[in-house]
Each structure stands twice: as C-alpha cells, then as structure tokens.
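Visitor: structure of the sequence below:
(2 chains, ligands or ions: 2)
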Amino acid sequence: MNQIVELKDVTVSYRENVALKNISLNIEKGSFVAVIGPNGAGKTTLLTAINGIGNILSGSVKVFGLDINSRIRREIGYVPQSLSIDPRSPISVRDVVMIGRSSKIGLFRYPNRKDIRIIESAIELVGIKELSHRPVGHLSCGEQQKVALARALAQQPDIMLLDEPTSNLDLRSQKEIIDLIDKIYQEKELTIIFVTHILSHIPASCREVIFMKRGCIIWSGGVDKALNEKLLSDLYDCPIKEIKKEYV
Amino acid sequence: MFEILQYKFIQNAIIASFFGGAGCGIIGVWIIMTRIPFVGVAMSHAAFAGAIFGLLFQVNPLLMAIIFSLISAALIGPVAERTDLDPNVSLGIIFSVLLGIAFLGMGLLKGPKTEALNFIWGNILLLSRGDLKLLIIIVLSIFLFLILLFKEIQAILFNREIARAVGIPEKAIFYAMIFLSGMTVALSLNTIGGLLIFSLIINPPSAAYQLTYNLKTMFFLSAFFGVCSCMLGLLFSYIFNIPSGAVIIIVSSVIFGLSFIFSPKRRVKQYESS
Ligand SMILES: Nc1ncnc2c1ncn2[C@@H]1O[C@H](COP(=O)(O)OP(=O)(O)OP(=O)(O)O)[C@@H](O)[C@H]1O
Ligand SMILES: [Mg+2]
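Guide: Ligands and ions are numbered 1, 2, ... in the order given. The predicted model follows:
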C-alpha cells in the first residue's frame, strides 16, 4: 500500500543505447532493496531515473506518489558510482558535505547551529574527520566515496540511492560502512536502494533483491532465495559456485 | 597629477573600472569553475556583434549589445547541458559565427569606422552616465546574488548533477548566472572592448585559482585582481597615452603570471626522514 517509489513502463535510452526497457517497479516505504546485475545492466540508470537526474524517454516515475521535482529530491540521498573531481578544485571536504545539507537549509539562508551539528556528525559517522579541511580533489577514490556518503547523510533523506558505495573501500572501511548503512536503516526507517556487485556486501537488514540484466529486471524476491547458484549463474551467464553460506 | 580626478569622464572611468573589474572577476570564477571558458568568449563576441549592428541600424549600440549577449546566453545554457558534444567545441563554433557576423556588420558600415573600432579595443571615454548606472546596478546584483545564494552557487560549481540531485533548483540558478554574466560583458564593452574582455574574465579567476583552495577566497581575490587590472590599466593608459583595454589585459596577464609562479599548488612537500 505504502509505495514510496513507483516506476511504470520506464524506458531510458542514451542515443541508440536503450539502457532501461519498459521497467515497472514498486518499492514500499521502509524497504531495503539490493540491485544486482552485470556491468551495463542499467543499475546506475535505474537510480538516476528514480531521482530524476536521468532523462526518461517514456513511462512515469512517482516518488511519494508525486512527479519528481527539486522539493522531492531533497528527500532523496544519492551516492553516485564515481565522480571525477578536479584535484585543484577550491572546495573542502566539509563544504562538500555541506552541499548535502544546503537544500534542506533552503534558499537565501545560511546554516544554523543545528545544521552544523548534523554536518559534523555525518563527517564523524563515516570516519573522515581528519580529512574534513582537505581539498576534496586531493582525496583517494575510497575517501571520496566516504565524503559522498557523508553528504547524503547530512541531507537526512527518506530515501537513499547507493550506487556501489563500497566499491573503492579497504577491508575495514567496507565493514564499517556496511554496518553504518545497516544501523542508519534501522534507526531512521529509511528506504534504501543499494547497488552492488559484491554479494557479501549486502547488509544484513536487506531483505529484497532485484536482478537486472540488459535493461530489464529479470528476477526479484527475497534475499534467501536470491543467493541461489542457478539464478546467479543465469544472471551472469557463467557458472557460479560457492556462495558464502553465512550471508544466505 | 591628482587634478585630473576633477574631470567627470575620469571619475566615470574610475567607477567603471572598479565595478567592471569586480563584476568580471566574479563571473570569471563562475566561468572558470564550470570549465566552459568559451562561454566568456562567445558572450563577449555576441555583445561586440550586437554593438556593431546597433551602429549599422542606428539603434543604441549598448542596447543591441545587451540583446545579443542575452540571446547568446539563452543559447549557451542548453549547449552547456548537452552531453553528446563538448560544450567548448559547440561554443567555439558559436563564437566564430558571432565574430563573422560582427565583421560582416563592420564591412557594411559606411564612412569612418572609428566608433566600431572602439568596440574592439574599448574606449573608456565613450562611457555615458546611463551606461555607468546600468553597470553599477548589474554588478551590485551580482554581489547580492552571490552573497544570498553562496551555498547553492558553490554546489553548482562543484558539480551540477550533484546540485540537482540534492534538490537545489540548479537550472534556474545556473541560467541566472549566465544572464548576469551576459549583462556584465555587454556593459563592459565600452571600457575594455569586445575582443579583449575575454582575458579580463579569464585572467583574474585563473590567477586566484592558483592561490587558494577556498572558494570564498577565490571570489574575493578574483574580484580584487579584476579591480587592480582595470585601475592600473587606466592609470598606465593615461600616463603613456595608450588604449586602456590593451593595458588592462597586459596587467591582468602579468598578475596571472605572478600567481602562477608563486602558486602554493605547485609546491611539493619534501619527505624528511628523521
Ligand atoms: N552516458 C552514456 N552514454 C551512452 N550510453 C550510456 C551512457 N551511460 C550508460 N550507457 C549505456 O547504458 C547501459 C546501462 O548503463 P548503466 O551505467 O546503467 O549500467 P550499470 O548497470 O550501472 O553498470 P556498472 O555495473 O558497470 O556500473 C550500458 O549499456 C551503457 O553502455
Ligand atoms: Mg553503474
């Protein structure tokens, strides 16, 4: 009943490349969905269709039952797959996290004490406090990924779209960030859509999985059923064995 | 030499240098940071072509310059958004078309072309009181716009897509930035000239960019360098009796050269083992 995201017959194409083919998808409020699929399946495109920064050729996308506009985007946190940042960019890590907060603060206003507290705590949560005064272009990919997550957290959104947020992280940070996402999900009653290639990175509270391939959703269902050798072998067109039992 | 300050046209020139320099310094930061320097060139040549056509059809050249640069601003916005064509390439094409139109207009002009030539290298003495008032109004609006929307502008300069994704009305603000840039360029045409203003848009922010990692400081330094270039340019052009536009460009290039040489961004920290 509580559909927070509704996609109906959505098609997205980049010139001659059709990246999403007539996708329909409903996501309930408070769910935690993992999106899995090979490179080029259309996972990133799906996320940009939801937050409206991609161009939709046909079909409709509704979030909170409404068409996307900037007021709705305020409630959607987005961590992109990668961003190329000019190393000489005159903008610090703290300023970037503040960008996440800025639409919540509103036009013509400056951050107040509460906003500053939220920004500081987002920085602390993802563990980039020592980096906060560095120019953001000087950070490594993994560090920049943490900054992007802190920016999305500072937004205090209702929906989080995470595009491979752990792909560049070291072993310890992977675990910390996955646990952090898990914790925030449980505390804040968010709706999370999480794209990943690494099945063991699916956080424990994630209960639903969507498989995408060549612009289509080929399967969706519970996590317990998803991590099945046959399904995964079909998804990736190659035999997949040894799924780690502890995550099933 | 201070007695020259009594002359109205000298006072006007000084005021125009101050506001024009600061305005170009600020819009220059926008243009540099969005990585589409050709916006500056395209817009300045649109203003230039407009002024020439104003002369040709005997309409107020300034009005035509404003109209032309606003039309080019309206074209530039969508062009900058296309992902299938490098905006600098498409802007380069727009720029050359505009230059062609401007020279076509020059060719069609009858009689002596001194007035038209003034739009190429600028003649500060052409500045009327009305032009000056308009310039001051636009530059003050730029200051206000920058102060009130600083965090949104910062987000847009960082990454337009992210700015849109977090729910900033990025499009409206971006178009306002282009509009204000177009107006500033058109209004600085008299002081600096259509061919030379491009360097006043690019040099001060590039110099500032060499010196800081803080956007606020960059805006401040760029505006300051813009004002310095214009003021010093004016002074030297008076002392040596040479065209002001050319001197302004040389001064701003020297400022850029010095900042580049002394840039902390070029410094490399040595590793010291103890
Ligand atoms: N900017 C673009 N221009 C043209 N085609 C694109 C563009 N972005 C994506 N595509 C195409 O759209 C399809 C889907 O791309 P998308 O980025 O959504 O894949 P993905 O599932 O996120 O892949 P990955 O796992 O590599 O991140 C691909 O076939 C790709 O070639
Ligand atoms: Mg992707």
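
Visitor: any idea how many residues pack against the residue of chain A found nearest ligand 2?
Guide: Here the residue of chain A nearest ligand 2 is A:T44; by CB to the ion that distance is 3.1 Å. C-beta here means a position set from N, CA and C on the backbone, and glycine is covered the same way. For A:T44, the neighbour count with other CB atoms under 10 Å in any protein chain shown is 19.

Visitor: which SSE is it in?
Guide: When elements are assigned from DSSP states H and E, A:T44 belongs to helix A:43-50.

Visitor: hmm, that helix touching ligand 1?
Guide: Yes: between helix A:43-50 and ligand 1, judged by CB under 6 Å from any ligand atom, the touching residues are A:K43, A:T44, A:T45.

Visitor: list just the nearest of those residues to A:L171.
Guide: Sorting these by distance to A:L171 puts A:K43 at the head of the list, at 23.6 Å, by CB to CB.

Visitor: picking up where we left off before, residues contacting the residue of chain A closest to ligand 2?
Guide: Taking CB atoms under 8 Å, 6 or more residues apart in numbering or on different chains as the definition of contact, the neighbours of A:T44 are A:P80, A:Q81, A:D163, A:V195.

Visitor: ok, now with 6 Å
Guide: Taking CB atoms under 6 Å, 6 or more residues apart in numbering or on different chains as the criterion, A:T44 is in contact with A:Q81, A:D163.

Visitor: check A:P38 too.
Guide: Contacts here follow CB under 6 Å, 6+ apart; on that basis A:P38 touches A:Y236.

Visitor: do stretch A:25-41 and ligand 1 come into contact?
Guide: Yes: looking at stretch A:25-41 against ligand 1 by CB under 6 Å from any ligand atom, the contacts come from A:G37, A:N39, A:G40, A:A41.

Visitor: straight-line length of that stretch, end to end?
Guide: Taking CA to CA, to the nearest Å, the span from the opening residue of stretch A:25-41 to its closing residue is 16 Å.

Visitor: quick check: which ranges of chain B have low pLDDT?
Guide: By pLDDT under 70, the weakly predicted segments of chain B are B:1-2, B:125-126, B:269, B:272-274.

Visitor: near ligand 1, which residues of chain A show up?
Guide: With the criterion set to CB under 6 Å from any ligand atom, chain A comes near ligand 1 through A:Y14, A:N17, A:A19, A:G37, A:N39, A:G40, A:A41, A:G42, A:K43, A:T44, A:T45, A:Q81.

Visitor: what's the ChimeraX syntax to select whichever of those are buried?
Guide: Once 16 or more other CB atoms under 10 Å in any protein chain shown is used to decide burial, the buried members of the residues of chain A next to ligand 1 can be selected in ChimeraX as follows:
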select /A:19,37,41,42,43,44,45,81
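
Visitor: break chain A down into its domains, please.
Guide: The domain map for chain A lists A:1-75+A:159-169+A:182-248, A:87-157, with the assignment taken from automatic domain parsing.

Visitor: for the most centrally placed residue in chain A, give its distance to A:C206.
Guide: A centroid search over chain A (CA atoms, centre = their mean) returns A:L162, at 1.1 Å, as the residue closest to the centre. Here the criterion is CB to CB, to the nearest Å. By it, A:L162 lies 11 Å from A:C206.

Visitor: ok so, going back, mean pLDDT lowest for which of the domains of chain A?
Guide: For these, mean pLDDT drops lowest on domain A:1-75+A:159-169+A:182-248, to a mean of 88.

Visitor: does stretch A:65-79 come close to chain B?
Guide: Yes: Stretch A:65-79 reaches chain B (CB under 6 Å from any CB of the partner chain) through A:S70, A:R73, A:R74, A:Y78.

Visitor: how many residues are close by the first one?
Guide: A:S70 has 18 neighbouring residues, counting by other CB under 10 Å.

Visitor: so who does it touch?
Guide: Contacts were defined as CB under 6 Å, 6+ apart; by that measure A:S70 touches B:G167, B:P169.

Visitor: repeat that with 7 Å
Guide: Residues in contact with A:S70 (CB atoms under 7 Å, 6 or more residues apart in numbering or on different chains) are B:G167, B:I168, B:P169.

Visitor: coming back round to it: what residues are bridge-paired with the residue nearest to the centre of chain A?
Guide: In this structure, A:L162 has the following beta-bridge partners (DSSP bridges): A:V79, A:F194.
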